[in-house]
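> Show me the folded form of this:
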Amino acid sequence: MPVGVSASQLQNAQVTVPKAGGGSTDADKQAKPDKKARKAKPGSQFEGKMTLARIDEIVRRLDENAKEARPGTWQLTINDRPVIIVTDQLNNRLRTISPITKTEGMPEDLLKRLMQANFDTALDARYAIAKGLLWSTYIHPLRALHDRQFIRAIGQTVNLALSFGTTFSSGGMTFGGGDSRDIIRKQLIEKLLKKGLPI
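Below you'll find the predicted structure:
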């Protein structure tokens, strides 16, 4: 459980799962495939072809107890950290998030430190505040993702949460010119790549 975050707070902060027979919601409509979505050009090395089925396959490799809370939304645990993956096919977005701690009473110098980390050591992941909680998050176009990139996204999100209060690092390289001096945390990302990719 994240530091200072109760189970009820975490539940309230998560995406609400519609009740059975309660009709469709805007979120349900967003989870349906976009028939007009453009396909990546064949041979494009910069465009992936991520699908919800592929995400489900990778997520269950990383955590066999992972749950799909509703179409396009998964909950899993990596290194004892709760991770939520939310997709929106209609708008071609993916968000990976992990709650860290409550923001109530957080000192100003710590908030400043988080912004410094967002500039250099957080890399593709970011610290963000929502619903009274501090989160680590990774946001990216959905269909453009490659398998490795998606797994690294989860790894960076978890690393950023785990390193809160110490190195404030996502485990990737450090962007030069910033204020942070950290110990790079690459081990988790490499471990997830080995576990999440097919042999």
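> If you count neighbours, what's buried in stretch 87-105?
Buried residues in stretch 87-105, counted by 16 or more other CB atoms under 10 Å: 87-90, 92, 94-103. Every residue, glycine included, has its C-beta placed from N, CA and C.
> got the CA coordinates for it in CSV?
Output in CSV follows, covering the C-alpha atoms of stretch 87-105 (Å, rounded to 0.1, in the frame of the first residue of the first chain):
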residue,chain,number,x,y,z
THR,A,87,-6.7,3.4,-22.2
ASP,A,88,-8.9,5.5,-24.4
GLN,A,89,-9.1,4.1,-28.0
LEU,A,90,-11.4,6.9,-29.2
ASN,A,91,-8.7,9.5,-28.5
ASN,A,92,-5.7,7.1,-28.9
ARG,A,93,-4.3,7.6,-25.4
LEU,A,94,-2.8,5.4,-22.7
ARG,A,95,-2.0,6.3,-19.2
THR,A,96,-0.1,4.2,-16.6
ILE,A,97,-0.4,5.5,-13.0
SER,A,98,0.7,4.5,-9.5
PRO,A,99,-0.4,6.3,-6.3
ILE,A,100,2.4,7.4,-4.0
THR,A,101,1.2,9.4,-1.0
LYS,A,102,-1.3,12.0,0.1
THR,A,103,-0.5,15.6,-0.8
GLU,A,104,-2.1,17.2,2.2
GLY,A,105,0.6,19.0,4.2
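> tell me the mean pLDDT for it?
For stretch 87-105, the mean per-residue pLDDT is 97.
> same deal with stretch 170-190?
The model assigns stretch 170-190 a mean pLDDT of 57.
> end-to-end on it?
13 Å (CA to CA, to the nearest Å).
> can you offset everything so residue one is 9?
Will do, 9 is the new start, and the previous item becomes stretch 178-198.
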